[in-house]
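Chemist: This is the structure alone, sequence omitted:
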């Protein structure tokens, strides 16, 4: 069977066939015979010729987390779905105008007022979590349309903090 | 739901109901509220009132192996099937006349000859495995009908070694 | 001896204290916030009580709730661990008033050493060398400015109530002074409930060398030698070792005696740490007393063979120290690496979420003080420390090798950690040469991006993934994403460290 | 230093040696039988080669196949571990001839110390105290009878090529002599390929005290103090500790010097152990030299801080010892418990099968040398040792407490083990008092059947099982019974121990 994976976001193709109890791997033009076994939940042992590899594998619904010889990789199946999910990260222009809380946390300080003009990368507010302060910055040159929070508020993830509008 | 388990071969009845996200346990006439969670594959955390129990659980197809506070238990569901399997251990009289290899191993010595008279508990042969010698003994007063192996043979589990017959 | 101890903490340190109690035949009580029901300390203790919602201020920092829990469950003593209430003199006082033994110093000593400005005054008076700087707290910004002028830039802003890098900032010129002091005050307020900050001369490229001390309730004091903790990122220790490569026996003896004097002057009891800065000319300055068990205490346990948590409990129960200074010696070499839930490839942003797989390193001379397990959640509410890896070997060279090997043998899947970064730190030629100063990370790791991963490992990762998708039995279970906090940190801007130990 | 070492062994000791090599920057090669494809040592090594079918005689004991593997893969040295070929002088000779370094003593010394009768002669000549007994091997049963008469009953039958209890038997009267000698010969033959046995006076209730020795290739010898290994079951050590409660500094020094002399007289190099019996009057007798790394070596590593496997490799590479006798000291107290796949509730019959769950104990001062993992199979072909648990603490009392606590924290599900039995051994008042002799188990544990399990734990086990049958997610996977060897041992008669180390 042919596989296409995004390994740390880089495409990797590999072919794996089962033949008489052993596996045949084709990687680029190289073909190896491999002895592959799940030896324990989350642990795979691979012998290729005399080389021994111990691989750790965890997964959630969309990703595999793989550790080989002390190197961690994130592995995703390269499907259309994953491609489009990837594209979604960028977000629309509209999204950019609503500044959201990056995570549950506490608003420490709001530096701006409604109707105030702001520049791109200007610090608008500070939110704290896990003992770190995060500076919330403006993504545009524009002005503050609405402020939804004030210092001391606890906010949930994705909660809108501030709405901006483009320069008219 | 009501459960009946054989714990280390002793019957134990318990009732477990889920109520509003928590569990209610009834053991004999005592009822407890319990907070029970699978926290990791094979590991269960139980809080009953303020007491904290960490339980390890493994299973094969017929049994659960459970460790609580350093005590290991074997847990089987108490069904008719397990009951009859239990009864089967005793074996029939006929079975007793065929002396079988208890496990894969090596025949070290055969002490008897065909037609030789033997007494109950007389050592017939020695089989070795895992660096231990096991004395194979006669289960009856009788005589040796047939010998299937000789010293040095490798034998598989359940392989007949010696056939006996009752005194005529 | 106590029959039951409540541990007012969470994570690896709570688990470590629980183990010590069990070895001493003492029953343990964990307290936990609503976010920590499934945390390892809850599962490891004999009893466990929920003390409130996730934010620390409502649970682990809530004195009333902890006192209530201790009374309800009949705990005779409270071990505070590090962080949270460990250096809160009000909490200590409350324990004293309510007849529950606080496993740590008395409230008066805690108050003195906790007030960095007052303790600077006391130490100067006693002839202990201190860093040039302010001897009092000011209120007006103008006064800070004139003090900064007097001391001379660069200066350090420090929290009077502080410790462990909290509220700390280096200011290089007058124009940065005001924002720096404000930020320091804000962080100090949030960390300690006290916004007081003061200024000190900034010593360039010093080593951070601290002495572990034990003092019983009967006036006996011993020091257990030094730990060097120069390897820091944003004033946060990440690697600690003992012995320090900078000390010779004479300097060690002198600093050790000074440390004991600091403790005596402070009227301090139980375990504590006296921190010094050591400049390029091997001149040392008293920095502060850490009035608690330190994160890095296992380093000292390895080289001296003394179990500091056992000692803390024994001392708190009123027994006399049975260790004398003469008997103590340093043997071999120990290193600790702190394992944080942070992404070293992305400016060390915190990485919350689910741990899909954990393999703990092990072997001769390897100790892993661990607060996590396969399948646990890392909440966003608390310190990002996951575990500590500590190794011991006959000498520093083998200790480094053992650490690198153990880090190689260490697997955490699902969240980002500092494991790979630490491996490169220990393997760095300047670290191996013992050339460690507090500027080390800034100097050699500012541009760090990890090594290229070998193509072979990438191929094996692909192969294993392909095998896993064919394989039905025995693979890892898909852990549900339920309870996994989203991890949006990666997409964000600049972060500032506001805490730690 | 070597670049690549082949480990001619399996299980925990192979894994431990692999770790040591990795710390020294040496690449490792595992060899494995067909039954061991998924064993931990195969998975832990950099390279692995199958050397034959499951029976040891066709794989781990097959000299030709191991030499062939070493040459094919380019290993410069072979570490034999313990057991298998570790004390086979022919194997050592073969390595010497083929230019592969054997990590152990030279073949001549191995031959001498391996022949118990010849070495008894050599030691008597050198003035080393030996146990009264035969000074040569006999062929006719009649001669054994007259020798037994001369020595006086009870006598011990011992294998000339032996060690570790193999082929050993106590004979109390003339009528049991013949069957005892025959059984001893048979076991000796099967274990060592040499059926020679001899008779020695049986010393009643002695302590077994052994001294660890290191000797380089340049004539330097040091001893690393004693281990007491009196706690034995069927002549098989199960608990070891250091220091011994029976030695004072004077006796320790005397025995240590004697041990060094034994090594010098034997022309021995690399790591070795000189075994003594110590009688009730503190008189000691030379027993034998164990020409290998011992199972219980971690006890010595803990109390001296010397890594014996590192030393073995360094010595084998031709380097001089850098440790001097003066520098060596015993610090604190260490205990080891051997974890066997045996059923203590059923006459310690071996228990093969699948390990459904493993939780390794951990914590300060706890070391776990482990050859298994969750999901592995325990084959029936080899020694039943699964792992070793070793603890260190400042004193013996805390060391015992730590061991009990670690055993409590240790979970192996699916097969029977000695964990619960060992807990009761360590907790026994006579053990705690240091009253340890080789009759200890016979005396206090002949009728052992375990403690009554608490009703609460039984209720929790039922509750967890009920929960598990309701629960769909996150439970343990049902591991398939494929590859699980049947475990019929439980239903069987009397077993005799025929091996071990």
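Modeler: Here it is on my side, so go on. No experiment lies behind these values; they were computed from the predicted model shown.
Chemist: okay, now the domains of the chain?
Modeler: Unless you meant another one, I'm taking chain A. Domains of chain A are assigned by automatic domain parsing as A:2-86, A:93-166.
Chemist: my bad, the chain I had in mind was chain C
Modeler: Following automatic domain parsing, one gets these domains for chain C: C:4-103, C:132-201, C:207-444.
Chemist: Format those as JSON lines; extra columns: mean neighbour count.
Modeler: Quick note: C-beta positions are derived from backbone N, CA and C, even for glycine. As requested, these are exported to JSON lines (neighbours: other CB atoms under 10 Å in any protein chain shown):
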{"stretch": "domain C:4-103", "mean neighbour count": "22"}
{"stretch": "domain C:132-201", "mean neighbour count": "19"}
{"stretch": "domain C:207-444", "mean neighbour count": "21"}
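Chemist: Of the ones you listed, which is nearest residue D:457?
Modeler: domain C:4-103 (13.4 Å; CB to CB).
Chemist: rank the domains of chain A by pLDDT, which is bottom?
Modeler: Note on the domains of chain A: lowest mean pLDDT is at domain A:93-166, with a mean of 84.
Chemist: Make CSV from the domains of chain C and add mean pLDDT and distance to chain B to it.
Modeler: Supplementary listing: those in CSV, determined by pLDDT from 0 to 100; distance: least, CB to the nearest CB, whole Å:
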stretch, mean pLDDT, distance to chain B
domain C:4-103, 97, 4
domain C:132-201, 86, 30
domain C:207-444, 96, 4
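Chemist: could I get those domains as a markdown table with distance to residue D:395?
Modeler: Formatted as a markdown table, the domains of chain C follow (distance: least, CB to CB, whole Å):
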| stretch | distance to residue D:395 |
| --- | --- |
| domain C:4-103 | 12 |
| domain C:132-201 | 33 |
| domain C:207-444 | 10 |
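Chemist: What residue in chain A is the furthest from its centre?
Modeler: residue A:20 (39.1 Å; CA atoms, centre = their mean).
Chemist: Dihedrals phi and psi, the closest residue to residue C:129 other than its chain neighbours?
Modeler: Nearest residue to residue C:129 in three dimensions, chain neighbours excluded: residue C:285, at 5.2 Å (CB to CB, 6 or more residues apart in numbering or on different chains). Phi and psi for residue C:285, reported as degrees, to the nearest 10, are phi -130, psi 130.
Chemist: what do you get for residue C:421?
Modeler: Note on residue C:421: its backbone torsions stand at phi -60, psi -50 [degrees, to the nearest 10].
Chemist: How about residue A:26?
Modeler: phi -120, psi 120.
Chemist: list the contacts for residue C:282?
Modeler: For residue C:282, the contacting residues are C:246, C:251, by CB atoms under 8 Å, 6 or more residues apart in numbering or on different chains.
Chemist: Could you rerun that using 7 Å?
Modeler: Shown in contact with residue C:282 (CB atoms under 7 Å, 6 or more residues apart in numbering or on different chains): residue C:251.
Chemist: part of a strand, is it?
Modeler: No. Looking at residue C:282 with DSSP: H, G, I helix; E, B strand; the rest coil, it is coil, so not inside a strand.
Chemist: Please give me every residue in contact with the residue nearest to residue C:129.
Modeler: Contacts of residue C:285 by CB under 7 Å, 6+ apart are C:129, C:130, C:131, C:276, C:277.
Chemist: So which residues on the stretch 251-400 of chain C come close to chain A?
Modeler: C:350, C:352, C:356, C:357, C:359, C:380, C:381, C:382, C:383, C:384 (CB under 7 Å from any CB of the partner chain).
Chemist: before we move on, the earlier item: I'd like the domains of chain A as JSON lines, with distance to chain D appended.
Modeler: Shown next, in JSON lines, are these (distance: least, CB to the nearest CB, whole Å):
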{"stretch": "domain A:2-86", "distance to chain D": "4"}
{"stretch": "domain A:93-166", "distance to chain D": "24"}
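Chemist: Quick one: residues in contact with the strand or helix carrying residue C:17.
Modeler: Element membership of residue C:17 [criterion: DSSP states H and E] is helix C:11-23. Outside helix C:11-23, the residues that touch it by CB under 7 Å, 6+ apart are C:5, C:7, C:28, C:30, C:40-41, C:44-45, C:79, C:81-82, C:307, C:309-310, C:313, C:369-371, C:385, C:387-388, D:363, D:398, D:401-402, D:405.
Chemist: what does chain A have sitting close to chain B?
Modeler: So chain A meets chain B at residue A:41 (CB under 7 Å from any CB).
Chemist: Quick check: neighbours of the longest strand along chain C in the sheet, parallel or antiparallel?
Modeler: Identified as the longest strand of chain C according to DSSP state E is strand C:221-233. Sheet pairing here is set by DSSP bridges, and for strand C:221-233 it gives strand C:207-215 (antiparallel), strand C:236-242 (antiparallel).
Chemist: Tell me which of the contacts of residue C:285 fall in strands.
Modeler: Of these, the ones assigned to strands by DSSP E are C:276, C:277.
Chemist: ok, of the contacts of residue C:285, which one's closest to residue A:117?
Modeler: Checking the contacts of residue C:285 against residue A:117 by CB to CB gives residue C:131 as the nearest, at 43.8 Å.
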